[in-house]
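Peer 1: This is the structure alone, sequence omitted:
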């Protein structure tokens, strides 16, 4: 049969340039099966950056291990003597005694400094205070302050900052990772009962709360800024930049352990994770490539990541890294402008997170505090690390003293078993009796031997580690205090000699000045960027509309003890000024400042009378403000209702004997009036 030609053929002309190709999401491109080639390419790039970071970081691990031993009061009796060039003498041991003790010099100095640093930044309530730069920013700043206080409570901000300062003082580097946390899980929504023929309003009127039934759903339970401490051993910074200049690096990340259930809770659509079905059923144990901590014999931080049964997916060695990259070079897209991307991978095998950094701040979400920053190198030693050699020497001196005392207490005898009962010497005890053999007795009776000491003699031993060793320990401890700045007054220890109050105040102030420098550096390089990112995260990601608890002056101004905040309430170009612990407190928030105002006004008669403008200072409002600043929010309940009568009527009632004059102590008449 001949083919039938169409009577008229239409030609479709297509403008290729007008066709827009929809870009596939990155998680689809990195599917473990369909996108294996790109998946492998990107994973290799990530692992290369991780290994490059670890290669430079692990040079610090040995020093950190020694610091950790001192802080844990741990002594390895098998440790070889360490030489000045940081090598070990295999022929000698570091500690001289089988039961050595660690002197808590490092521990004590760390916690003195840590207490001071923590109190500087966390003593205020709320911990993070905000001030508006302009009049239009004031109310929004107070609202944002309430939200950050809620976030701090949810994330345990005090613990996060405590860990940061602890690591900074001990190892020289303390790290905090910040992110926007969306916590999903089971929640209940109450829906009205449906009874045929009965209006819902009638059911509610008669049944009240029973007219609603709880329906279990899976959804978002809460959202907040999360601050997470990062183990310095697991930090993956770009070693080509110093920490104070962290944001100029090209990548930054950290390693951690995570359970399969935690990953499952944040699988799409509730979170950014994908490829979870391709994670190995049984997790690997962390190897030296991932976990360097716990290799010093202590093992308190080594995790067994294996599963407990066939249904337990176990814990995994995870890595999260933010990389500034050119998407075209990585095969992600055709963009050739540097952009930040977030990646997470498991056991160096499966990428489970990959997307562009969504935060408007466009910073690496890491804050690093240093105890003695070197602005020209990546790593700096911590204060406790600097005193480690003296800590080691103090341990050796003290244990040498114990060993010498032990030698003195254990009798050493020169004797002949021909004349002395050997068992009496070897198995005797306090008040022991040492018997002579018959031959020795006969020789003494015959006068051949005049004194028993001729065949029985105690070796004289002298304690050479007495006062001189203890004086050396005391001198070294003073050197430690000089280095750390944690002197006796800061530690709550009475000075060895009597000092005047002025001298003690001067000594404490000088130590506080040294600590203030450290606090200012930590605030500028770590705390302020952390707060700024948290503010921007709140403005950008807040989705849940909910009530937040408010207290103090803001509650009085607002007229309620809670405030309802929605996403649109936070939008706008508002200028917030974070007030951290090192900054002077706003006098309007200080109870001490208001008390001084009250005391000054009470001594100034002019302020107790109306001024030329007809206005008079209200002492009661000042007193109420002082009470509120001291945390007493319900002072009004202690006021009594008093009926105030005109002065003329009061004088008439007094003359009639119905009123009595009110007198202050010392028979001084109190002023009349309301």
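Peer 2: Sure thing, it's come through. Just so it is clear, the model here is predicted, and its values are computed rather than measured.

Peer 1: what about residue 214, distance to residue 206?
Peer 2: 19 Å (Cβ to Cβ, to the nearest Å). The way it works is simple: take the backbone N, C-alpha and C, and place the C-beta from them, glycine included.

Peer 1: Over to residue 118?
Peer 2: In this view, residue 118 and residue 206 are 56 Å apart by Cβ to Cβ.

Peer 1: before we move on, what about residue 439?
Peer 2: From residue 439 across to residue 206, the span is 114 Å (Cβ to Cβ).

Peer 1: try residue 383
Peer 2: 70 Å.

Peer 1: Distance check, the residue nearest the centre of the chain against residue 170.
Peer 2: With distances taken as Cα atoms, centre = their mean, residue 160 lies nearest the centre of the chain, 2.3 Å away. Between residue 160 and residue 170 the computed distance is 16 Å (Cβ to Cβ).

Peer 1: Show the average pLDDT along stretch 646-664.
Peer 2: Stretch 646-664 shows a mean pLDDT of 70.

Peer 1: just stretch 618-638 next, same as before
Peer 2: Per-residue pLDDT values across stretch 618-638 average out to 67.

Peer 1: cool, stretch 257-266 as well?
Peer 2: Looking at stretch 257-266 alone, the average pLDDT works out to 89.

Peer 1: Tell me the buried residues in it?
Peer 2: 257, 258, 259, 260, 263, 266 (16 or more other Cβ atoms under 10 Å).

Peer 1: Same question for stretch 350-360.
Peer 2: Within stretch 350-360, the residues scored as buried using 16+ other Cβ under 10 Å are 350, 351, 352, 353, 354, 357, 359.

Peer 1: What segments of the stretch 551-674 of the chain are strands?
Peer 2: 562-565, 576-579, 663-664, 668-669 (DSSP state E, counting those that start in this stretch).

Peer 1: The second one: which residues count as buried?
Peer 2: Neighbour-count burial for strand 576-579 flags 576, 578, 579 (criterion: 16+ other Cβ under 10 Å).

Peer 1: I'd guessed residue 280 sits against residue 348; true?
Peer 2: No - between residue 280 and residue 348 there is no contact under Cβ atoms under 8 Å: 10.8 Å.

Peer 1: Looking at these two, which is more packed in?
Peer 2: Between residue 280 and residue 348, residue 348 has the larger neighbour count (other Cβ atoms under 10 Å), namely 17 against 13.

Peer 1: Please settle this for me: is that one part of a helix?
Peer 2: No - with DSSP: H, G, I helix; E, B strand; the rest coil as the criterion, residue 348 is located in coil rather than a helix.

Peer 1: Which pLDDT value belongs to the closest residue to it other than its chain neighbours?
Peer 2: Excluding its sequence neighbours, the residue lying closest to residue 348 (Cβ to Cβ, 6 or more residues apart in numbering) is residue 47, at 5.9 Å. Note on residue 47: pLDDT of 96.

Peer 1: which strands and helices sit next to the helix or strand where residue 47 lies?
Peer 2: Assigning secondary structure by DSSP states H and E places residue 47 in helix 36-57. Counting contacts by 3 or more Cβ pairs under 8 Å, 6 or more residues apart in numbering; DSSP states H and E, helix 36-57 packs against strand 235-237, strand 251-259, strand 315-325, helix 327-330, strand 339-346, strand 350-356.

Peer 1: what does it rub up against?
Peer 2: With Cβ atoms under 8 Å, 6 or more residues apart in numbering as the test, helix 36-57 has contacts from 29-32, 233, 235-239, 251, 253, 289, 292, 319, 321, 323, 330-332, 343, 345, 348-349, 351, 354, 378-379.

Peer 1: before we move on, the earlier item: and the residue nearest to the centre of the chain, which helix or strand is it part of?
Peer 2: Secondary structure assignment for residue 160, by DSSP H and E: helix 157-171.

Peer 1: Repeat that for residue 478.
Peer 2: Residue 478 belongs to helix 467-484 when assigned by DSSP H and E.

Peer 1: Same check on residue 363?
Peer 2: Going by DSSP H and E, residue 363 is not in any helix or strand.

Peer 1: Repeat that for the one 10 residues further on.
Peer 2: Under the assignment given by DSSP H and E, residue 373 is not contained in any helix or strand.

Peer 1: Find me the pLDDT at it, would you?
Peer 2: Model confidence at residue 373, given as pLDDT, is 86.

Peer 1: residue contacts, it?
Peer 2: 242, 243, 244, 380, 521, 525 are the contacts of residue 373 under Cβ under 8 Å, 6+ apart.

Peer 1: Of these, grab the buried ones for ChimeraX.
Peer 2: Buried subset of those, written as a ChimeraX selection, criterion 16+ other Cβ under 10 Å:
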select :242,243,244,380,521,525
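
Peer 1: Please dump the contacts of residue 373 into CSV; it should also carry distance to residue 622, secondary structure and pLDDT for every row.
Peer 2: CSV is the format used below for the contacts of residue 373 (distance: Cβ to Cβ, whole Å; DSSP: H, G, I helix; E, B strand; the rest coil; pLDDT from 0 to 100):
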residue, distance to residue 622, secondary structure, pLDDT
242, 50, coil, 93
243, 47, helix, 92
244, 45, helix, 90
380, 49, coil, 87
521, 39, helix, 90
525, 40, helix, 92
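
Peer 1: My read is that residue 182 contacts residue 271, right?
Peer 2: Yes - the criterion here is Cβ under 8 Å, and residue 182 meets it with residue 271 at 7.0 Å.

Peer 1: what about residue 484, how many residues close to it?
Peer 2: 25.

Peer 1: meant to ask about residue 481
Peer 2: 20.

Peer 1: Going forward, count from 57.
Peer 2: Yes, from this point I'll number from 57; that puts the last item at residue 537.

Peer 1: pLDDT at it, what is it?
Peer 2: pLDDT, residue 537: 80.

Peer 1: can you check residue 351 too?
Peer 2: 46.

Peer 1: Lowest mean pLDDT across the strands of the stretch 607-730 of the chain, which one is that?
Peer 2: Mean pLDDT is lowest for strand 724-725 out of the strands of the stretch 607-730 of the chain, coming in at a mean of 43.

Peer 1: Look up how far residue 533 lies from residue 526.
Peer 2: Residue 526 sits 11 Å away from residue 533, going by Cβ to Cβ.

Peer 1: Ignore what I typed, I meant residue 240.
Peer 2: Residue 240 is 53 Å from residue 533, where distance means Cβ to Cβ.

Peer 1: Same check on residue 171?
Peer 2: Plainly put, residue 171 is 19 Å away from residue 533 if you go by Cβ to Cβ.

Peer 1: you'd agree residue 184 is up against residue 634?
Peer 2: Yes - counting by Cβ under 8 Å, residue 184 touches residue 634, with 6.5 Å between them.

Peer 1: Residues that sit against both of these two, list them.
Peer 2: residue 587.
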